[in-house]
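Chemist: Generate a structure from the sequence data that follows.
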Amino acid sequence: MSDLFWLTDEQMARLRPYFPKSHGRPRVDDRRVLSGIIFVNRNGLRWRDAPRDYGPPKTLYNHWKRWSDLGVFARIMEGLAAEAGAPKTVMIDATYLKAHRTATSRRSKKGGRGRLIGRTKGGMNTKLHAVSDAEGRPIRLFMTAGQVSDYTGAAALLSSLPKADWLLADRGYDADWFRSALQDRGIRPCIPSRKFRAKPAAYDKRRYRRRNRIEIMFGRRKDWRRVATRYDRSPKVFLSAVALAATVMFWL
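Modeler: Model prediction:
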């Protein structure tokens, strides 16, 4: 029992407003179910292998799938991040997340965005694009297939950037259109130039050293086995696993 993870009453009080209200018959204990969901995702277990203390595995999976489809876990992360206030410095980066064969099996449904899994030199991957605050705590997430460029993620996250003073990024984000878009939003870019630039752009080297915090965040997040390795076919469900990990590690 001591090895199991349990959310505290204070943590549940912060999470409860983000869950859908119960209609009709009373639902099961949210604290028990959510604690079990966290335990399975953190340890990379199959749902049938969840400890009995968390209740029936089918109950855990059904709640996980339903809440993921409703976007509950993404809203929780963004909501708790908003409570911290607007950061003065933000950082953007991307990382690869290995796709297990179970995530790539069967064909995806037509008419959608697909599985968001692509082939790279490292095999089949999903790419996670993230914006974090100066502490390295994630505030925005976006997923693409592994072979998609960092520019695509930057363009997708641009409109949702908070009103910050600075944005830190590595030279993979060095593009004139991105610098101009940031300046139009009143954000100063701190991005080293690519080597082929005839005239390198100036940047604050001292401020840029802080960018390692977003890389540390990616490393810590991969401690969750269902994040480091993607088992879910549905990109929405997998993004929920990433958002849940971010919430527990950085915002609770």
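
Chemist: So which bits of the worst-scoring helix or strand of the chain on mean pLDDT are buried?
Modeler: None of the helices or strands of the chain scores lower by mean pLDDT, DSSP states H and E than helix 101-104, at a mean of 86. The neighbour-count check on helix 101-104 (16 or more other Cβ atoms under 10 Å) flags residue 103 as buried. (Each C-beta comes from the backbone N, C-alpha and C, glycine too.)

Chemist: I'd say residue 48 and residue 56 touch.
Modeler: No - using Cβ atoms under 8 Å, residue 48 is not in contact with residue 56; the gap is 10.0 Å.

Chemist: Comparing these two, which residue is more hemmed in?
Modeler: Counted by other Cβ atoms under 10 Å, residue 48 and residue 56 do not tie: residue 56 has more neighbours, with 15 against 11.

Chemist: Residue 45 versus that one, what's the distance?
Modeler: 15 Å (Cβ to Cβ, to the nearest Å).

Chemist: what do you get for residue 232?
Modeler: Separation of residue 232 from residue 45 (Cβ to Cβ) stands at 13 Å.

Chemist: do the same with residue 208
Modeler: Residue 208 is 40 Å from residue 45, by Cβ to Cβ.

Chemist: I'd guessed residue 239 sits against residue 143; true?
Modeler: Yes - if you go by Cβ under 8 Å, residue 239 and residue 143 touch, sitting 5.5 Å apart.

Chemist: tell me the contacts of the nearest residue to residue 171 once chain neighbours are set aside?
Modeler: Leaving aside its chain neighbours, residue 171 sits nearest to residue 192 (4.5 Å; criterion: Cβ to Cβ, 6 or more residues apart in numbering). Applying Cβ atoms under 8 Å, 6 or more residues apart in numbering, we find residue 192 in contact with 170, 171, 174, 200, 201, 203, 208.

Chemist: burial measure for residue 142, as a count.
Modeler: Using other Cβ under 10 Å: residue 142 sits among 19 other residues.

Chemist: of residue 232 and residue 45, who's got more company?
Modeler: Comparing residue 232 with residue 45 by other Cβ under 10 Å, the one with more neighbours is residue 232, at 21 against 16.

Chemist: hmm, which of the contacts of residue 192 are the buried ones?
Modeler: 170, 174, 203, 208.

Chemist: Narrow those to those in helices?
Modeler: residue 208 (DSSP state H).

Chemist: Please consider this matter closed, and thank you.
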